[in-house]
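Q: how would this look folded up:
(2 chains)
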There are 2 protein chains.
Amino acid sequence: MNLRIPGPTPCPPEVLEATGRQMINHRGPEFADLLARLTSGLQTIFQTKKDVFILTTSGTGAMEAAVVNTLSPGDRVLNVSIGAFGDRFASIAETYGVDVVRMEFEWGKAADPDEIEKALAADPAIKAVLITHNETATGVTNDLETVAKVVRRFDKLLLVDAVSSLGAIPLPVDEWDVDVAVTASQKGFKVPPALAFASVSERAWKAAAEAKIPRFYLDFAKARDFRDKGQTPWTPAVSVFFGLEVALDVLLKEGIENIFARHARIGNKTREAVKSLGLQLFADERFASNTVTAVRVPESVDGPSLNKLMREEYGTVLAGGQARLAGKIFRIGHLGLVSEADIDATMDALRKALPRVGFQVPAAAS
Amino acid sequence: MNLRIPGPTPCPPEVLEATGRQMINHRGPEFADLLARLTSGLQTIFQTKKDVFILTTSGTGAMEAAVVNTLSPGDRVLNVSIGAFGDRFASIAETYGVDVVRMEFEWGKAADPDEIEKALAADPAIKAVLITHNETATGVTNDLETVAKVVRRFDKLLLVDAVSSLGAIPLPVDEWDVDVAVTASQKGFKVPPALAFASVSERAWKAAAEAKIPRFYLDFAKARDFRDKGQTPWTPAVSVFFGLEVALDVLLKEGIENIFARHARIGNKTREAVKSLGLQLFADERFASNTVTAVRVPESVDGPSLNKLMREEYGTVLAGGQARLAGKIFRIGHLGLVSEADIDATMDALRKALPRVGFQVPAAAS
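A: Sure, this is the predicted structure:
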């Protein structure tokens, strides 16, 4: 099966093998050694010397952790959304009583750093900026480097959903001075889902010391206290820790620059191949994501039928559209464990499937 | 390695093999089928027709879910604690602004249902009772059946931490009319940690509709909405779902009555063997747990040294004491994957290790 969704991504056999290892005591010395090695490996991938914690949650749990650890009810924040996951970040903050200024950009486009600058200049009460690095729902990557510079100039907290970017496209946490960056195991890391990772800056720790939103399971301070004795506060997803250890070895052996280059190359290849099939990209190509490509479902085609046919007869699992994009796009994941051959196989399957659901592929593409 | 801690428990080879399977789309039909089968299997183990949800968190996350889904800040609750995990339940509730009446019993003893009855009679403002079924920190099982009857008579919500009991000792959720029972994958279920399970009664759903504590990641209503379309709201720990499917088959094949009988038999065997080594049980034997046995560290012995020796030279991993019991007890887990032979091996190791740390085992026990 060619699993081409933007997470969970397929895992290398050696990662799966490690995931199947027998349990150990999560409060014993073996686990303490493992936690230290994993934390150090994650810091390398995050390109940071800041604290990085491993939480047993999905990426959404880590987004919630970013909010509840640094903010208080009534705090005003600017939430920059370019899609469903950006909207989710705002919903989480609103759930906890944060006063969210929702800045929304057209789905398929990137956020405009100038607009963010204007908003911060106009409203000094804003304490933090929440933004998605790579919007999985639309296949768009924000220019986080520029946004981070703006946020830094205004001395605000910068909380970043890096779930589908970190470990696949560049996000040097220290160089860009991101306060909290969160990601999850089942994306760029090629590890099964269950774990999320969060980096926490000194500025974020200061905010945490004053943050009044209640938190227990997701409390960074508890994670820090237990990390210092080689543990997690609560029983961790031990199997996935085992998988992560092997996966980090694989990632560090490839080297992060090579990983970024591979994703850039394959992202570009995917977009060119999609266009050569006569299909339209959903995202503004200047900001097209190198981890997931959203493709407009042609007028003549029923989106779910295409995905079903691809899955059942061509062994290729694509993602559908989410929220307002349901049925309007399909998405091809190309992050983590992905090679040129996987994209060739996907396009080959699309070339055969599309005519069967009512879309004629140009002759040149056959 | 003889892993004799009260979770994570060792997992059967077939569970580990399943845990190492390749990823699937968590929003596709294969996962929907899996979720339906697992939910049904869990209902059998919970002995309930109520909703049962699978959350990607530890048991503590599920305890938090029980609190945040059913209560509002300022609600008064009675928290019945007989140890560290009972105290944790209270701390979670207090974190979220609940007005917690802390009823505490001496560690090593069970809760007295008459005291609970008196407290409920004395304070009609109490809305819910929070209680640990099996206190992992002390090796004591509360008489939950009697407590549940009391709580029902006063028509209060009953929230139960069943993390180290459910699936190993009897907890018929419907018969005892428990409102929220939470447990986790790495205990009686013999599955790696990452998943927690929560049953939710109609009474709990009514409370949830009015509960004002904010919640997002742990929201039962979101879990219900997505369960109805064969999904979880957030990316689940897919590997552990695979393991759970196999583990449920194993459990249902053994049959819950046989599982309960095995734990009762092995619990009893463990206690008798501990005493025959000249050691003292920490718990009141009338309420001794059949999933974990706490043993007093003899005066002459350093607890951590004993555990270290057992681990390093006898291949046996014991748990230490927690909180105020650190260094004062050691604990033997005997839940999930455990047989008489595992206990024999543990006692054999203790018989050899104890004299080396300064405790003479009676001749009759050699």
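Q: got the residue ranges for the helices in the stretch 101-250 of chain A?
A: A:113-122, A:144-153, A:202-210, A:220-227, A:238-254 (DSSP state H, counting those that start in this stretch).
Q: most tightly surrounded among these?
A: helix A:238-254 (a mean of 22; mean count of other CB atoms under 10 Å in any protein chain shown). In short, each C-beta sits where N, CA and C put it, glycine included.
Q: Quick one: list the elements packing against it.
A: Helix A:238-254 is packed against helix A:13-19, helix A:29-46, helix B:238-254, with contacts defined by 3 or more CB pairs under 8 Å, 6 or more residues apart in numbering or on different chains; DSSP states H and E.
Q: Which elements pack onto the second one?
A: This points to helix A:29-46. Secondary elements touching helix A:29-46 (3+ CB pairs under 8 Å, 6+ apart): strand A:51-55, strand A:196-200, helix A:238-254.
Q: Looking at those, which is nearest to A:Pro355?
A: Closest to A:Pro355 of the helices and strands packed on helix A:29-46 is helix A:238-254 (CB to CB; 37.6 Å).
Q: Quick check: next helix or strand after the closest one?
A: As assigned by DSSP states H and E, the chain's next helix or strand after helix A:238-254 is helix A:256-276.
Q: okay, that next one in PDB with CA atoms only?
A: Output of helix A:256-276 as PDB, limited to C-alpha atoms (Å, rounded to 0.1, in the frame of the first residue of the first chain):
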ATOM      1  CA  ILE A 256      19.000  17.600   8.200                       C
ATOM      2  CA  GLU A 257      20.300  19.600   5.200                       C
ATOM      3  CA  ASN A 258      19.900  16.500   3.000                       C
ATOM      4  CA  ILE A 259      16.400  15.900   4.400                       C
ATOM      5  CA  PHE A 260      15.300  19.400   3.600                       C
ATOM      6  CA  ALA A 261      16.800  19.000   0.100                       C
ATOM      7  CA  ARG A 262      15.000  15.700  -0.500                       C
ATOM      8  CA  HIS A 263      11.600  17.200   0.600                       C
ATOM      9  CA  ALA A 264      12.200  20.300  -1.600                       C
ATOM     10  CA  ARG A 265      13.100  18.100  -4.600                       C
ATOM     11  CA  ILE A 266      10.100  15.700  -4.100                       C
ATOM     12  CA  GLY A 267       7.700  18.600  -3.400                       C
ATOM     13  CA  ASN A 268       8.700  20.200  -6.700                       C
ATOM     14  CA  LYS A 269       8.500  16.900  -8.600                       C
ATOM     15  CA  THR A 270       5.000  16.300  -7.200                       C
ATOM     16  CA  ARG A 271       3.700  19.700  -8.200                       C
ATOM     17  CA  GLU A 272       5.100  19.300 -11.800                       C
ATOM     18  CA  ALA A 273       3.700  15.800 -12.100                       C
ATOM     19  CA  VAL A 274       0.300  17.000 -10.900                       C
ATOM     20  CA  LYS A 275       0.200  19.800 -13.500                       C
ATOM     21  CA  SER A 276       1.400  17.400 -16.300                       C
END
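Q: in the stretch 251-366 of chain A, which segments are predicted with low confidence?
A: By pLDDT under 70, the weakly predicted segments of the stretch 251-366 of chain A are A:365-366.
Q: go again using 90 as the cut-off
A: A:322-323, A:363-366 (pLDDT under 90).
Q: What parts of it come near chain B?
A: A:Arg311, A:Val317, A:Ala319, A:Gly320 (CB under 8 Å from any CB of the partner chain).
Q: one more time with 7 Å
A: Taking CB under 7 Å from any CB of the partner chain as the contact definition, the stretch 251-366 of chain A meets chain B at A:Val317.
Q: For chain B, what's its nearest residue on the stretch 251-366 of chain A.
A: A:Val317 (5.0 Å; CB to the nearest CB).
Q: which residues does that residue contact?
A: Contact partners of A:Val317, counting by CB atoms under 7 Å, 6 or more residues apart in numbering or on different chains, are A:Met1, A:Asn2, A:Leu3, A:Arg4, A:Ile5, A:Arg311, B:Asn25, B:Gly28.
Q: cool, and A:Asp123?
A: A:Val101.
Q: Model confidence score at it, please.
A: A:Asp123 is assigned 98 on the pLDDT scale.
Q: Check the gap between it and A:Val100 for me.
A: 12 Å (CB to CB, to the nearest Å).
Q: Name the nearest residue to A:Gly327, ignoring sequence neighbours.
A: A:Gly303 (4.4 Å; CB to CB, 6 or more residues apart in numbering or on different chains).
Q: My understanding was that the one you found contacts A:Arg331; is that so?
A: No - contact criterion CB atoms under 7 Å: A:Gly303 and A:Arg331 do not qualify, at 10.4 Å.
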